[in-house]
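**Q** Give me the fold of what follows.
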Amino acid sequence: MAKAINAKYYHLKSIYDLEKIKIKEEKTIKKEEKLSINWYIFLSFVFLLLGSFLNFKIKK
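**A** Reported below is the predicted structural model:
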């Protein structure tokens, strides 16, 4: 009886651990997606400033 309970406990614990790992991976994927979106916004802002600066220099 104790062996069956022990086996069930370890089985459930391993499932729980796998779920925790899966949740951690999903969180890191979301962070990476958010980070890439922030990079796109930052780079577009930099190119916008660079373009306006070059345009100002050419007009002058």
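**Q** Helix or strand for the residue most central in space within the chain, just tell me which one.
**A** With distances taken as C-alpha atoms, centre = their mean, Lys31 lies nearest the centre of the chain, 2.2 Å away. Per DSSP states H and E, Lys31 falls inside helix 2-59.
**Q** Can you get me a residue count around Lys20?
**A** Around Lys20 there are 10 other residues, counting by other C-beta atoms under 10 Å. From N, CA and C alone the C-beta is placed, and that goes for glycine too.
**Q** What of the one 4 residues further on?
**A** Neighbouring residues of Lys24 were enumerated by other C-beta under 10 Å; the total is 10.
**Q** Now do it, the pLDDT please.
**A** The predicted local distance difference test score for Lys24 is 86.
**Q** Repeat that for Lys60.
**A** Looking at Lys60, its pLDDT is 61.
**Q** Distance check, Glu26 against Val46.
**A** 31 Å (C-beta to C-beta, to the nearest Å).
**Q** If you could redo that for Ile21, that was the one I meant.
**A** 37 Å.
**Q** And for His11?
**A** When His11 is compared with Val46 (using C-beta to C-beta), they lie 53 Å apart.
**Q** again with Ile5
**A** Applying C-beta to C-beta to Ile5 and Val46 gives a distance of 61 Å.
**Q** again, but for Lys13
**A** Lys13 is 49 Å from Val46, by C-beta to C-beta.
**Q** next one: Leu18
**A** Distance of Leu18 to Val46, computed by C-beta to C-beta: 42 Å.
**Q** Please apply the same query to Lys59.
**A** 21 Å.
**Q** tell me the average confidence for stretch 33-51?
**A** Here the average pLDDT along stretch 33-51 is 85.
**Q** and it, how far from the chain's centre?
**A** Stretch 33-51 sits 17 Å away from the centroid of its parent chain (C-alpha atoms, centre = their mean, to the nearest Å).
**Q** what does stretch 16-24 give?
**A** Centroid displacement of stretch 16-24 relative to its chain, using C-alpha atoms, centre = their mean, is 16 Å.
**Q** Right, I'll leave it there.
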